[in-house]
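1. Sharing a sequence plus its predicted fold:
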Amino acid sequence: MEFLVDMTTRVPDGVSEEFVNDVRAREAAHSGELAEEGALLRLMRPPLQPGEWRTFGLFAATDEVHLQQVLASMPLRIWRTDEVTPLAAHPNDPDRQTPSTIQGPEFLVTFTETIPDGTAPEVIQDRNEQERNATRRLADQGNLERLWRLPGDGKALGLWRAREADEMRAILSSLPLNDWLRTEIVQLDVHPSDPMLIRSQTNC
């Protein structure tokens with residue numbers, strides 16, 4: 001199973017900078033070990049407020065009990081709170097394992113689909129087929145990296161890449177299901193311990 005974990009760190013007052021730096025260094029080293037084990041797939045940063053420590057982590061684990069063991073092993077957990085979202089397989093997921101060649105930021109996009117009442121089944125089937133073809137093309141272009149189902153009816157999560165935010169919005173507007181979708185877009189920053197970033201640097 002895969003899980004998205006929203007990790008927020010708050011260092012208590014009075015903790016020395018030396019100790020904080022030590023914990024962060026051990027966190028980075030342990031993240032590398034978890035990546036080697038296949039437990040940590042990605043690390044990504046959402047927009048941060050001044051002084052905020054927050055990271056999105058994509059983890060793989062056999063179940064949520066196993067995931068909690070993985071999270072508990074991370075040094076920053078002493079100051080961190082984690083919000084876990086289980087991710088389910090999506091039939092349109094390209095499961096991209098290598099960095100996109102597109103030069104630009106990544107985006108996490110949450111989709112909520114609402115099919116209008118009275119829509120004929122054959123119309124739904126045709127629109128879904130168009131959506132599959134569109135997502136396959138966007139994956140081949142490097143825009144769509146991953147796609148998952150979220151808990152709740154009609155909810156999905158996508159990891160995308162575009163040259164800029166306006167292009168990302170244009171891509172989403174072009175999707176065949178766009179008029180049935182409500183989207184929430186979070187532009188991501190690079191995390192220095194992201195396993196995909198480290199793999200790409202190693203292979204250069």
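-> Thanks, I have it. The shown structure was predicted, so the numbers you read here are calculated from the model rather than taken from an experiment.
2. Wait, a helix at Asp6?
-> No. Using DSSP: H, G, I helix; E, B strand; the rest coil, the assignment for Asp6 is strand, not a helix.
3. My guess is Thr110 contacts Gly152. True?
-> No. With contact defined as Cβ atoms under 8 Å, Thr110 does not count as touching Gly152 (10.3 Å). Backbone N, C-alpha and C define where each C-beta goes, glycine included.
4. Those two - which one has more neighbours?
-> Counting neighbours by other Cβ atoms under 10 Å for Thr110 and for Gly152 shows that Thr110 has the greater number, 15 against 8.
5. was I right about Phe3 contacting Glu64?
-> Yes. Here Phe3 lies in contact with Glu64, judged by Cβ under 8 Å, at a distance of 7.4 Å.
6. hey, what's in contact with both of Thr110 and Gly152?
-> By Cβ atoms under 8 Å, 6 or more residues apart in numbering, Thr110 and Gly152 have no common neighbours.
7. hang on, the earlier thing: what is in contact with Phe3 and Glu64 at once?
-> In contact with both Phe3 and Glu64: Val84, Pro86, using Cβ under 8 Å, 6+ apart.
8. ok, these two, which is more surrounded?
-> Neighbours per residue (other Cβ under 10 Å) separate Phe3 from Glu64, with Phe3 holding more: 22 against 12.
9. helix/strand/coil for Thr62?
-> At Thr62, secondary structure determined by three-state DSSP is coil.
10. can you check Val109 too?
-> Look at Val109: counting by three-state DSSP, its state is strand.
11. Distance check, it against Ile124.
-> Taking Cβ to Cβ, to the nearest Å as the criterion, Val109 is separated from Ile124 by 21 Å.
12. Stretch 31-48: how far from the chain's middle?
-> 10 Å (Cα atoms, centre = their mean, to the nearest Å).
13. This protein - how does it break down into domains?
-> With domains defined by automatic domain parsing, the chain comprises 2-87, 90-187.
14. Can you pull the poorly scored residue ranges out of the protein?
-> Across the chain, the ranges flagged by pLDDT under 70 are 200-204.
15. Name the single longest strand found in it.
-> In the chain, taking DSSP state E as the definition, the longest strand is strand 80-89.
16. helices or strands next to it in the packing?
-> Strand 80-89 makes packing contacts with strand 2-9, helix 64-72, strand 144-149 when contacts are defined by 3 or more Cβ pairs under 8 Å, 6 or more residues apart in numbering; DSSP states H and E.
17. how about the strands in the protein?
-> For the chain, the strands defined by DSSP E cover 2-9, 40-45, 53-60, 80-89, 106-113, 144-149, 155-161, 181-187, 189-190.
18. Can you tell me which of the ones you listed is nearest to Ile171?
-> Of all the strands of the chain, it is strand 155-161 that lies closest to Ile171, at 7.2 Å by Cβ to Cβ.
19. Perfect, that will be all.
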